[in-house]
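**Student:** what's the 3D shape of this:
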Amino acid sequence: MPGGATVEAYEVDHVFPGIGRRVMRVNARKVHRPGNGAEQVLPAIEDGTDAADLEREAERQRRLAQGIVDTLREPLLVLDGDLGVIAASRSFYRSFGVEETATIGARLPELGNGQWNIPALLDLLERVVPEHATVEGFEVAHDFPGIGRRTMLLNARKIFREGNNTKTFLLAIEDVTDRRRLEAERAAALAGTEALLQELSHRVMNSLSIISAVVSMEGRQLSDEAAKAAFERLSARVMAVAELYKSLSVSKSVEAIDAPAFLGSICEDVVRSLQDGRFPVRLDAAIDPFLISTRQAIAVGLVLNELLTNAIKYAFKGRDDGLIRVAVRHAGGAVDLSVADNGAGIDADARVDSGVGQKPIDLFSLQLDGRLTRHSDAGGTRVRLVFRLG
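**Tutor:** Reported below is the predicted structural model:
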């Protein structure tokens with residue numbers, strides 16, 4: 001120890017006989033004896049084993065934690081209770097183009113050009129520690145230096161340890177800029193497609209309406225009753241399909257439509273178009289609210305059209321009144337459709353045209369994989385179709 005040198009907290013890690021491994025901290029100072037000026041060295045030795053081991057364990061844990069943080073692909077900050085940065089992942093430095101020296105120790109609102117100084121975000125974060133709250137999916141859109149405008153999703157959670165007295169929490173940052181851009185592009189493309197399909201549906205509906213009107217007009221000019229009846233059925237079937245496209249245009253959907261609106265319109269159109277003016281056919285329709293796929297809607301609409309046509313044309317012969325009840329129930333993914341009239345019941349000899357109308361009903365019921373049942377007596381006829389939505 002030349003000159004006036006001193007030794008401060010010199011650490012010796014050694015295995016001592018009788019006491020084992022110890023970490024000793026040595027402090028020494030050179031002094032001169034009064035009188036003869038002899039030099040002496042006064043050492044002070046402190047057993048710092050426990051403290052040294054704790055420090056080394058803390059350093060080991062810090063390095064382990066930093067290693068874990070650095071392996072994360074997404075930017076991550078470790079903050080204290082005052083929103084000061086304790087640690088940051090390499091991806092944070094790389095993503096935001098900042099240096100460690102300008103980050104560690106700085107408070108979150110002061111990082112960069114103040115892009116994190118968002119009152120709503122800071123209020124949420126300040127409640128994470130005392131209230132053990134979490135921040136999930138907080139979205140930030142900002143112009144970041146060097147990388148431009150980005151959209152970030154933030155998630156924050158307190159680090160829980162034994163005793164739960166820590167004030168440290170994690171702030172994870174996910175760049176969702178590209179995701180949001182793709183979502184916006186997809187939404188715009190979908191909106192454009194839906195607009196095009198709505199326009200096509202509208203044009204198809206108009207075309208089918210014109211075809212139905214022409215067929216109906218030609219049918220009225222025929223003298224043969226059988227031919228006239230066939231034209232009437234054809235016109236009604238075309239209008240049933242046109243009604244589907246009308247519902248598609250109104251619902252702004254190409255996959256499913258509102259069943260009450262679609263089936264209700266068919267009921268009203270068929271009854272209105274087929275009454276011959278001799279007496280009014282009263283319609284009582286009760287349709288549960290549900291959506292039906294366009295694929296199934298065509299078949300259901302045509303079945304309903306045929307059932308109503310049969311009832312109006314044949315159920316009330318010789319009568320001056322008539323009632324048709326339509327019920328469509330939906331429960332558990334199944335649909336129960338029934339059409340009932342209060343007519344005289346089925347007379348196979350009188351209803352010579354019934355076979356023509358019955359064939360499409362059987363065909364479309366089969367297409368729906370449905371169960372079709374009929375019951376007829378002197379009090380009227382009831383046809384029931386049960387099928388599952390799909």
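**Student:** before we move on, which element is the closest residue to Ile346 other than its chain neighbours in?
**Tutor:** Nearest non-adjacent residue to Ile346, counting by C-beta to C-beta, 6 or more residues apart in numbering: Ser376, 4.2 Å away. Heads up, the C-betas are built off the backbone N, CA and C, glycines and all. Ser376 belongs to strand 371-377 when assigned by DSSP states H and E.
**Student:** Could you tell me the model confidence score at Arg107?
**Tutor:** On pLDDT, Arg107 comes in at 91.
**Student:** My error: substitute Gly146 in the last question.
**Tutor:** 76.
**Student:** That one contacts Arg94, doesn't it?
**Tutor:** No. Using C-beta atoms under 8 Å, Gly146 makes no contact with Arg94, being 11.0 Å away.
**Student:** Which positions in stretch 102-119 come out as buried?
**Tutor:** 103, 108, 111-112, 115-116, 118 (16 or more other C-beta atoms under 10 Å).
**Student:** Give me the neighbour count for Phe387.
**Tutor:** 20 (other C-beta atoms under 10 Å).
**Student:** Would you list the phi and psi of it?
**Tutor:** phi -150, psi 170 (degrees, to the nearest 10).
**Student:** My read is that it contacts Leu366, right?
**Tutor:** No. Taking contacts as C-beta under 8 Å, Phe387 lies outside contact range of Leu366: 10.3 Å.
**Student:** hang on, Phe316 is in a helix, isn't it?
**Tutor:** No. Using DSSP: H, G, I helix; E, B strand; the rest coil, the assignment for Phe316 is coil, not a helix.
**Student:** okay, now the nearest residue to it once chain neighbours are set aside: neighbour count?
**Tutor:** In this structure, Phe316 finds its nearest non-sequential neighbour in Gly322, 4.0 Å apart by C-beta to C-beta, 6+ apart. By other C-beta under 10 Å, the residues close to Gly322 number 20.
**Student:** Ok, the one 4 residues further on next?
**Tutor:** Residues lying near Val326 (other C-beta under 10 Å) number 22.
**Student:** Could you tell me which residues make contact with Val383?
**Tutor:** 307, 338-340, 361, 372-374 (C-beta atoms under 8 Å, 6 or more residues apart in numbering).
**Student:** Just want the angle from the host helix or strand of it to strand 371-377.
**Tutor:** Assessed by DSSP H and E, Val383 sits inside strand 380-388. Using axes from the mean of the first three to the mean of the last three C-alpha atoms, to 10 degrees, the direction of strand 380-388 lies 170 degrees away from that of strand 371-377.
**Student:** Surely the residue nearest to Phe316 is in contact with Asn342?
**Tutor:** Yes. Between Gly322 and Asn342 there is a contact under C-beta under 8 Å: 6.9 Å.
**Student:** domain ranges for the protein?
**Tutor:** 6-47, 66-175, 181-388 (automatic domain parsing).
**Student:** Columns distance to Glu55 on top of the ones you listed, output as CSV?
**Tutor:** CSV is the format used below for the domains of the chain (distance: least, C-beta to C-beta, whole Å):
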stretch, distance to Glu55
domain 6-47, 10
domain 66-175, 16
domain 181-388, 49
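**Student:** what's the closest of the ones you listed to Glu57?
**Tutor:** domain 6-47 (12.7 Å; C-beta to C-beta).
**Student:** Endpoints of the closest one, how far apart?
**Tutor:** Its start and end residues considered, domain 6-47 measures 19 Å (C-alpha to C-alpha, to the nearest Å).
**Student:** Report the mean confidence score over that domain.
**Tutor:** 80.
**Student:** so how far is it from its chain's centroid?
**Tutor:** 71 Å (C-alpha atoms, centre = their mean, to the nearest Å).
**Student:** quick one, what contacts the closest residue to Asp284 other than its chain neighbours?
**Tutor:** Using C-beta to C-beta, 6+ apart and skipping residues adjacent in sequence, the residue nearest Asp284 is Arg325, 4.7 Å away. Shown in contact with Arg325 (C-beta under 8 Å, 6+ apart): 284-286, 338-341.
**Student:** Ramachandran coordinates for Arg325?
**Tutor:** phi -110, psi 130.
**Student:** Measure how buried Ala259 is and give me the count.
**Tutor:** 24.
**Student:** my guess is it contacts Ala286, does it?
**Tutor:** No. Proximity of Ala259 to Ala286 does not meet the contact threshold set by C-beta under 8 Å, at 12.0 Å.
**Student:** shared neighbours of those two, anything?
**Tutor:** The contact lists of Ala259 and Ala286 share Val328, where a contact means C-beta under 8 Å, 6+ apart.
**Student:** Mind naming the longest strand for the protein?
**Tutor:** Longest strand in the chain by number of residues (criterion: DSSP state E): strand 20-32.
**Student:** List every C-alpha atom in that strand, with coordinates, as PDB.
**Tutor:** C-alpha atoms of strand 20-32 as PDB (Å, rounded to 0.1, in the frame of the first residue of the first chain):
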ATOM      1  CA  GLY A  20     -16.000 -23.200   5.300                       C
ATOM      2  CA  ARG A  21     -16.700 -20.900   2.400                       C
ATOM      3  CA  ARG A  22     -17.100 -17.300   3.300                       C
ATOM      4  CA  VAL A  23     -17.100 -14.000   1.500                       C
ATOM      5  CA  MET A  24     -15.000 -11.500   3.400                       C
ATOM      6  CA  ARG A  25     -15.000  -7.800   2.700                       C
ATOM      7  CA  VAL A  26     -11.700  -6.100   3.600                       C
ATOM      8  CA  ASN A  27     -11.100  -2.400   4.300                       C
ATOM      9  CA  ALA A  28      -7.600  -1.200   5.100                       C
ATOM     10  CA  ARG A  29      -5.800   2.100   5.700                       C
ATOM     11  CA  LYS A  30      -2.100   3.000   6.300                       C
ATOM     12  CA  VAL A  31      -1.400   5.000   9.400                       C
ATOM     13  CA  HIS A  32       1.700   6.400  11.100                       C
END
